[in-house]
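Asker: What follows is a predicted protein model with its sequence.
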Amino acid sequence: MTISLDQTDRAILSLLQQDGSLSIAELADRLGMTPPPCWRRVKRLKDEGVLRRQTWIVDPEAIGINLIVYATIRLAAHDATATQQFRDRIKTWPEVLECYILLGAIDVLVKIAVKDIKYYEEFFFKKLSQLPGVREVNSSVVVSGIKDTTALPLDFI
């Protein structure tokens, strides 16, 4: 279900996507509102599931994660049992940041964060390639990032 958002809602979302640590008072000040109506709007956005969670984004290199790998996976079978086993297992690995089931020639796209290529090699051979139903894995190593954002576009909604 799509939630109807007005200009103030979009402004709140835009500001919170830029800095999720803003207090209600700071947010209200930036919007030219008083805190009580601002708080009600933020609460409504939370209650309706528009705002799912508040988090900090950690710089990977600052903590020794120097390698991002995108792996594309082709599965041997596509039945419910096989794919559920795959989903259940991959969700438990902290190295996996994102995982998507796709339609097309590739069945799964996985974003993996590790400290270095040696770690990825071990992860690949001991975990990723051993997942139930995996037929083929192709890995692409990120050399440099051009754009990295979690902010959703709000201009056209």
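Answerer: Received it, and whenever you're ready, just let me know what you need.
Asker: what about the strands in this protein?
Answerer: 67-75, 96-101, 108-114, 134-141 (DSSP state E).
Asker: Just put the ones you listed in JSON lines and tack on mean neighbour count, distance to Ser23 and mean pLDDT.
Answerer: C-betas here are computed from N, CA, C, even on glycine. Formatted as JSON lines, the strands of the chain follow (neighbours: other CB atoms under 10 Å; distance: least, CB to CB, whole Å; pLDDT from 0 to 100):
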{"stretch": "strand 67-75", "mean neighbour count": "18", "distance to Ser23": "33", "mean pLDDT": "98"}
{"stretch": "strand 96-101", "mean neighbour count": "14", "distance to Ser23": "29", "mean pLDDT": "97"}
{"stretch": "strand 108-114", "mean neighbour count": "19", "distance to Ser23": "31", "mean pLDDT": "98"}
{"stretch": "strand 134-141", "mean neighbour count": "13", "distance to Ser23": "40", "mean pLDDT": "97"}
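Asker: between those, which one is nearest to Thr34?
Answerer: Closest of those to Thr34 is strand 96-101, at 38.7 Å (criterion: CB to CB).
Asker: who does that closest one touch, helix- and strand-wise?
Answerer: Contacts defined by 3 or more CB pairs under 8 Å, 6 or more residues apart in numbering; DSSP states H and E place strand 96-101 against helix 80-90, strand 108-114.
Asker: mind putting these in TSV, distance to Glu48 included?
Answerer: As requested, these are arranged in TSV below (distance: least, CB to CB, whole Å):
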stretch	distance to Glu48
helix 80-90	27
strand 108-114	28
